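[1] Take this sequence and fold it.
(2 chains)
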Amino acid sequence: MTTAEKRVGAIANFVDERTGAAGWVKKSLNKVFPDHWSFMLGEVCMYSFIILLLSGTFLTLWFDPSQREVIYDGVYEPLQGLKMSAAYASTLDISFEIRGGLLMRQIHHWSANIFMAAIVAHLLRVFFTGAFRKPREFNWILGIILVTLGLVEGLFGYSLPDDLLSGTGLRITSAIIQAIPLVGTYITFFLFGGAFPGVGFIPRIFTLHVLLIPGIFLAVITIHVMLVWYQKHTQFAGPGKTEKNVVGHPILPVYMAKAGGFFFIVFGVTAFLSAVASINPIWLYGPYTPGQISAGSQPDWYMGWLDGLVRMAPPWETHAFGHTVSWNILIPALIVPGILFTGMALYPFIESWITGDKREHHLLDRPRNVPNRTALGVMSITFVMISLINGGNDILATAFDLSINQIMWFSRISIFVLPPLAFVITKRLCLSLQRADRELVLHGKETGRLVRMPSGEFVEVHEPISEQKRFILTSHEQPTPLVLEDIDSRGVRRAGTLKNKLRVRLSKAHAVAIPKVTAQELKEIEHH
Amino acid sequence: MKRLSRYRRHKGAAPLLLIIALLGIGTTFNIASATIKLAPNTFARSAAIEEGKQIFLKGCSSCHGLNAEGSAIAPSLIGVGAASVDFQVGTGRMPMADMSTQAVRKAPVYTPEQTAALAAYVESLAPGPMIPTEGQLNYERDGSTAEGGELFRNNCAMCHNFAGQGGALTQGKYAPTLMGVEPKYIYEALITGPQAMPVFSDKTITPAEKLSLIKWIKAAEAEPNLGGATMGRIGPVTEGLLAWILGMGLLIAVAVWLTTKAR
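    Purely as a prediction, here's the structure:
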């Protein structure tokens, strides 16, 4: 041993004797992570969160979260002499007078957009591959909590600078809170410290934005990642990859190098975007006053679908017992997202109820092999995409010479028509892909080589696929529909027949599949 | 006289005399150099009106009527004023290319002289808003950018967007972009209210305030892109698009690269 090795060994021994960490460290360093690009989406989220913490801390050093009125006398000439809030004035100062301030603001904002995009991409990956199944249901719910927190945190961040756009967002926020029946008005007055806009809201959401929500974020992310660590990462099926092992790189050195490098790449991409592309140019928007609004006022993309739902809602209101119930806001802004997010959080339990599958799963599904789930996912994406498109209806109208009314009517109708259509089409596509897989296993790859037989018949030569590929295409388990007898084994009539009937029907729909190639069939082929 | 001469050595006498002398010279110069405003040559004016009428009969009367009285498909032009004609014809909006939603800005069909003749003809039907003169449009001197910005956000941004990029109105109509629009046309649009735009009379927005508005619009036009590429200055829609396409695109490309098996 060299002296350096001896010295390191001595230090390690010192720590181990006092903490007993050696066992844990040894176990952890041998932890294996499977390789697939989609497994890195969660890392993008985590790294973006770190970037947000760092850039956000920089911004708090100069940001003044106050609605106190000041007269601007900074360097940006078109706003000089105007009355504005200290929050807006200090954001202008960060943009123009603090060294690197504008870059930091842009890093913070681009990073927030990427953070939310990566969360959504990660969520979709987990959903479509069935990674949420037992034992990972809790981690799925933690993920839903994180995406919800992200929406709120993003909205608050967007609202803090008190420019014309963020004030418009706050106006809508206050309207949505007011739409809660009976208590809405009281809650708004409580939150805003009086009538809109008041002077209390920005300092309050500042505290939430920089202290409470990031704190919860940090805690939930920690548990989220620790659960992945503890439950081990899922993997795609392949030769040697089973429900009982994890195949991949150990954490040291390969995985650590890749993951560590990836952090800097995420930071680099964010910084690159921030250096070349402007985001939220608040100096152009001007200070917020409730009397002003700009054409094409939009929220950031992750809130855009909610805005789109509100934009397409017909003007329905009910007046009863001296109260107004604004269905036009209540339904699109609170009830529909409430149903969506609750449904999303409960989905693992709903699916296992339908399939009756209570086993642990560590191998991922290929989306085509679970057509019902995949179709449901595409249906939800379609719903959100139509809403998102309607959220940008004014921009689309000017960019493509369309009528805003036509876009709205298109959205109103297609929000009901297209998602079910997307479900049916996706399910058919999945089944077709299963059929293609079956063909591939049975007859091999088409080579494009045509051979003329002595009889004059033309045939295309097929090349058999590799053993590995054949394994991947046939190793999955195909669902079987649930059978629930009305009379159980002891001759007692089951309770809740109607519920059971529904369950059986759903389970049957879930189990629709093209029979995969069996070992028997393969053997027969080989005999030919 | 004797009383006055007593003050001839007073220390205030010299400055006072200087002021009187300067005032005298200034007044004399002003009166002497002032160009005498002649009434427009009646003959030239009626010739222009006649020429305008001929152009009108050929190019405009099929919709606006033989006497500019309007029809089912086009408004009456009696009393719309020269400013309205100058704006609509000078920016190429009239004659209209098609009747679908609203007149679009295009290369003008008539020359400036023909446009002036048309304006003179319409002006002769009944008085209306006048074309602003060069002197009325000195926004660089008479306008204030900050005031213009406030006025813009109060009166214009809800249709023309916070940076004057334009925006959507109902049924396919739209507020056009204000970038690259000549000050004269902005002024004329304000006083005549073309298409879906309301009229901003001199009582609503004073002539001085109109110049401030123009000054702010011109400043917005000339403003460098301080934070990098703006993607149209139309807010978060394009920002979200870029975050997904470029941001997520690059990151996913890197993720694919990082997890590719070494060959």
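
[2] longest helix of the chain?
    All of this is about chain A. helix A:404-443 (DSSP state H).

[3] oops, chain B please
    helix B:13-33.

[4] Show me the contact partners of that one.
    B:Tyr7 (CB atoms under 8 Å, 6 or more residues apart in numbering or on different chains). Any C-beta I mention is one placed from the backbone N, CA and C, and that applies to glycine too.

[5] distance between it and the chain's centre?
    Distance, stretch centre to chain centre, for helix B:13-33: 39 Å (CA atoms, centre = their mean, to the nearest Å).

[6] which residues of chain A score low on pLDDT?
    Applying pLDDT under 70 to chain A picks out residues A:1, A:527-528.

[7] What about residue 143, how many residues nearby?
    Since you didn't name a chain, this refers to chain A. Neighbours of A:Gly143 under the rule other CB atoms under 10 Å in any protein chain shown: 23.

[8] could you do chain B instead?
    23.

[9] Would you mind giving me the confidence score for it?
    You'll see B:Gly143 listed with a pLDDT of 89.

[10] That one reaches B:Lys215, doesn't it?
    Yes. Between B:Gly143 and B:Lys215 there is a contact at 3.2 Å, judged by CB atoms under 8 Å.

[11] pLDDT below threshold where in chain B?
    Within chain B, the stretches with pLDDT under 70 are B:1, B:34-41, B:262-263.

[12] where along it do the strands fall?
    Applying DSSP state E to chain B gives strands spanning B:167-168, B:174-175.

[13] okay, those, which one's buried deepest?
    Of all these, strand B:167-168 carries the top mean neighbour count, a mean of 25, counting by mean count of other CB atoms under 10 Å in any protein chain shown.

[14] List the strands paired with it, with their directions.
    If you go by DSSP bridges, strand B:167-168 pairs up with strand B:174-175 (antiparallel).

[15] Pull the distance from the strand it pairs with to the chain's centre.
    Here strand B:174-175 is found 16 Å from its chain centre; the criterion is CA atoms, centre = their mean.

[16] Nearest to chain B within the stretch 101-250 of chain A, name that residue for me.
    Residue of the stretch 101-250 of chain A nearest chain B, by CB to the nearest CB: A:Asn113 (3.6 Å).

[17] With only the CA atoms kept, save stretch B:13-26 in PDB.
    The C-alpha atoms that make up stretch B:13-26 are tabulated as PDB, following Å, rounded to 0.1, in the frame of the first residue of the first chain:
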ATOM      1  CA  ALA B  13     -31.100 100.600 -16.500                       C
ATOM      2  CA  ALA B  14     -28.700  98.700 -18.800                       C
ATOM      3  CA  PRO B  15     -30.200  95.200 -18.300                       C
ATOM      4  CA  LEU B  16     -33.700  96.700 -18.800                       C
ATOM      5  CA  LEU B  17     -32.600  98.400 -22.000                       C
ATOM      6  CA  LEU B  18     -31.000  95.200 -23.200                       C
ATOM      7  CA  ILE B  19     -34.300  93.300 -22.600                       C
ATOM      8  CA  ILE B  20     -36.300  96.000 -24.400                       C
ATOM      9  CA  ALA B  21     -33.900  96.000 -27.300                       C
ATOM     10  CA  LEU B  22     -33.900  92.100 -27.600                       C
ATOM     11  CA  LEU B  23     -37.700  92.100 -27.400                       C
ATOM     12  CA  GLY B  24     -37.800  94.700 -30.100                       C
ATOM     13  CA  ILE B  25     -35.400  92.900 -32.400                       C
ATOM     14  CA  GLY B  26     -37.100  89.600 -31.800                       C
END
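
[18] if we can go back for a sec, quick check: buried residues in the longest helix of chain A?
    A:404, A:407-408, A:410-412, A:414-415, A:418-419, A:422-423, A:426-427, A:429-430, A:433-434, A:437-438, A:440-441 (16 or more other CB atoms under 10 Å in any protein chain shown).

[19] do the same with stretch A:235-247
    A:Gln235, A:Phe236, A:Ala237, A:Lys241.

[20] And stretch A:179-194, by the same measure?
    For stretch A:179-194, burial by neighbour count (16+ other CB under 10 Å) applies to A:Ala179, A:Ile180, A:Gly184, A:Thr188, A:Phe189, A:Leu191, A:Phe192.

[21] From the chain's centroid, how far away is whichever strand or helix holds A:Arg505?
    For A:Arg505, the element it lies in under DSSP states H and E is helix A:497-510. Distance, stretch centre to chain centre, for helix A:497-510: 30 Å (CA atoms, centre = their mean).

[22] Would you mind pulling up the elements that that helix packs against?
    Under the contact definition 3 or more CB pairs under 8 Å, 6 or more residues apart in numbering or on different chains; DSSP states H and E, helix A:497-510 sits against helix A:336-355, helix A:371-391.

[23] so the first one versus helix A:497-510, what angle?
    In other words, helix A:336-355. Following axes from the mean of the first three to the mean of the last three CA atoms, to 10 degrees, one obtains 90 degrees for the angle between helix A:336-355 and helix A:497-510.

[24] then stretch B:242-252 to PDB, C-alphas only?
    Output of stretch B:242-252 as PDB, limited to C-alpha atoms (Å, rounded to 0.1, in the frame of the first residue of the first chain):
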ATOM      1  CA  LEU B 242     -39.000  26.700 -26.600                       C
ATOM      2  CA  ALA B 243     -38.600  25.100 -23.100                       C
ATOM      3  CA  TRP B 244     -40.100  21.900 -24.500                       C
ATOM      4  CA  ILE B 245     -38.600  21.800 -27.900                       C
ATOM      5  CA  LEU B 246     -35.100  23.100 -27.300                       C
ATOM      6  CA  GLY B 247     -34.800  22.600 -23.500                       C
ATOM      7  CA  MET B 248     -36.300  19.100 -23.200                       C
ATOM      8  CA  GLY B 249     -35.200  18.200 -26.700                       C
ATOM      9  CA  LEU B 250     -31.500  18.800 -25.900                       C
ATOM     10  CA  LEU B 251     -31.800  17.100 -22.500                       C
ATOM     11  CA  ILE B 252     -33.500  14.000 -23.800                       C
END
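
[25] Pull the residues that contact it.
    A:37, A:41, A:44, A:110, A:113-114, A:117-118, A:121, A:265-266, A:269-270, A:272-273, A:277, A:301, B:231.
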